[in-house]
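Visitor: Turn this into a structure:
(one chain, ligands or ions: 1)
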Amino acid sequence: VNSSSKPDISRAKSAELYEKAKTYFPGGVNSPVRAFKSVYGTPLFISKGDGCTIWDADDNQFIDFCGSWGPLILGHNHPKVREKVVSVMQNGMSFGAPTALENELAELIIKNNSFVEKIRFTSSGTEAVMSAIRLARGFTGRNKIIKFEGCYHGHTDSLLVKAGSGLVTFGETSSAGIPPAFANETLVLPLNDLNALKEAFASFKEDIAAVIIEGIPANNGLLIQDKEYIHALREICTENKALLIFDEVITGFRLGFEGAAAYYDVVPDLVTYGKIIGGGLPVGMFGGKAEIMGMISPDGGVYQGGTLSGNPVAMAAGIAQLTELSKSGFYKDLNKKAEEFCESLQRFASARNYQFKVFNVGSIFWFAFSDNPAIKTAAEIDPASMEKYKVLHRELLNRGIYFGPSGYEVGFVSSAHTKIDLEKAKRAIFDSLDIVFR
Ligand code: PLP
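Guide: Numbering: from 1, shown residues only. Here you go, the predicted structure:
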């Protein structure tokens, strides 16, 4: 059943590198999803990327839809980004002192984004979120935060928390090593559920510092929320003097310069970004209203800092990438290309009555092995359906198409994917789906 109609790709060199890596790193990797535990075979070690193409250590070539998990909206090794990085590097790589490059990237962001008046750069999305949470607590003088089942916000302790039993519950830690006391400050609610939200505020009104939500949840499938729900969430936060934090580490600068906040037409109090603003280098950022950001040290009492924060090389990559994105028509063209791609995949699957739905917003997409055309909560994803993703993933690799090694992860179309690349990918996906559903 589901046997491949193509020979498996050779992974001899990747497998050898993986054996060695296992002697150095837990699980042989520096971030768990890379270990290919949810798909067939050993991880591919990537040796090169250019445009939408990547090559592995065995010289297999793939059209890449992972894009380093989102940052590479221009594709790999974009000449403008590379040239800017190389030119800045000629002058040294880190000073731990202010540089003009930080101003330049901040100006590009603040001038083109009405949701942030003041910002601070960090080195990762996790740090951005961690700092935004601390700021929200400092600003409100309250301790509890609300997060949603199915949203990922990086690996900060208070957010590695999953729902306990019951509608409104204190979370249970989803990782060892987190004191229950931390999880007790985090309430975990189902997405898109207004009653649960109202109940949480009714129970903990004066204690809730902030509600954090992924702009459009995209770490556990693509869970597009109802606009009315997000608007109600905004109102409830305002009524209760809790801050609304939009975690736009994926959606920021992906859906447009103003991300999911503009998509829903709501004004969050704080926003976190990462990925795209660093052009493939380690950058994160949080920002919001000047009044709230004024609480950050040294202006205010909420401590936050970093040796490599605002690193000049990373700033250079961000400046070059955002400059490309700010060109007229960039998002319109990219999003249209992605939508057409997704529509034709859905047409194919529907014509064959496959239990397969393509979810898409902007240039983000996700495949669900389901008949439900409107999955909005984590509970609606059937874990058993991931077996189908495993087969799809293997078949796609064998046909030169690279997707993230987990069926819960979204894919990304970049501006480097040409019509020809997307046609090729479509044919490979059609053939692979025929095998998945054989
Ligand atoms: N927030 C969201 C929405 C993310 O998707 C991620 C990472 O994927 C993070 C935060 C954490 O960012 P980083 O991996 O850069 O620490």
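
Visitor: So, low pLDDT: which residues of the stretch 101-250 of the chain?
Guide: When residues are selected by pLDDT under 70, those of the stretch 101-250 of the chain lie in 165-169.

Visitor: The ligand contacts on that one?
Guide: With C-beta under 6 Å from any ligand atom as the criterion, the stretch 101-250 of the chain comes near the ligand at residues Ser124, Gly125, Thr126, Val129, Tyr152, His153, Gly154, Glu214, Asn219, Asp247, Val249, Ile250. Placement of C-beta: from N, CA and C, glycine included.

Visitor: can you tell me which residues contact the closest residue to the last one other than its chain neighbours?
Guide: Which is Ile250. Nearest non-adjacent residue to Ile250, counting by C-beta to C-beta, 6 or more residues apart in numbering: Ala218, 4.7 Å away. Ala218 is in contact with Ile250, Thr251, Ile364, Trp366, Val410, counting by C-beta atoms under 8 Å, 6 or more residues apart in numbering.

Visitor: And the residue in the chain positioned nearest to the ligand, how far from Gly215?
Guide: Going by C-beta to the nearest ligand atom, the ligand is nearest to Gly125 of the chain, at 2.3 Å. Separation of Gly125 from Gly215 (C-beta to C-beta, to the nearest Å): 12 Å.

Visitor: all helices of the stretch 301-438 of the chain, in order?
Guide: With DSSP state H, counting those that start in this stretch as the criterion, the stretch 301-438 of the chain has helices at 312-325, 330-351, 386-398, 419-436.

Visitor: Please list the residues of the stretch 301-438 of the chain that sit near the ligand.
Guide: Counting by C-beta under 6 Å from any ligand atom, no residue of the stretch 301-438 of the chain lies close to the ligand.

Visitor: On the three-state scheme, the residue nearest the centre of the chain is what?
Guide: By C-alpha atoms, centre = their mean, the mean C-alpha position of the chain lies nearest to Ile250, the distance being 3.3 Å. Under DSSP: H, G, I helix; E, B strand; the rest coil, Ile250 falls in the coil class.

Visitor: my guess is it meets Lys275, correct?
Guide: Yes. Using C-beta atoms under 8 Å, Ile250 makes contact with Lys275 at a distance of 6.4 Å.

Visitor: what residues are shared contacts of those two?
Guide: Both Ile250 and Lys275 are contacted by Gly70, under the criterion C-beta under 8 Å, 6+ apart.

Visitor: Would you point out the most distant pair within the residues of the stretch 101-250 of the chain next to the ligand?
Guide: Distance extremes for these: the farthest pair is Ser124 and Glu214 at 15.8 Å, using C-beta to C-beta.

Visitor: So for the two, which residue has more residues nearby?
Guide: Comparing Ser124 with Glu214 by other C-beta atoms under 10 Å, the one with more neighbours is Glu214, at 25 against 19.

Visitor: tell me the contacts of the more buried one?
Guide: Phe148, Cys151, Tyr152, His153, Phe246, Asp247, Glu248, Val249, Ile250, Thr251, Ala260.

Visitor: can you rerun that using 6 Å?
Guide: Contacts for Glu214 were tallied using C-beta atoms under 6 Å, 6 or more residues apart in numbering; they are Cys151, Asp247.

Visitor: Ile401 too?
Guide: Contacts for Ile401 were tallied using C-beta under 6 Å, 6+ apart; they are Ile63, Ala425, Ala428.

Visitor: That one - nearest residue in space that isn't next to it in sequence?
Guide: Nearest residue to Ile401 in three dimensions, chain neighbours excluded: Ala428, at 4.8 Å (C-beta to C-beta, 6+ apart).

Visitor: For that neighbour, grab the count of nearby residues.
Guide: A count of neighbours around Ala428, defined by other C-beta under 10 Å, yields 19.

Visitor: Touching, it and Tyr402? I think so.
Guide: No. Judged on C-beta atoms under 6 Å, Ala428 makes no contact with Tyr402 at a distance of 10.7 Å.
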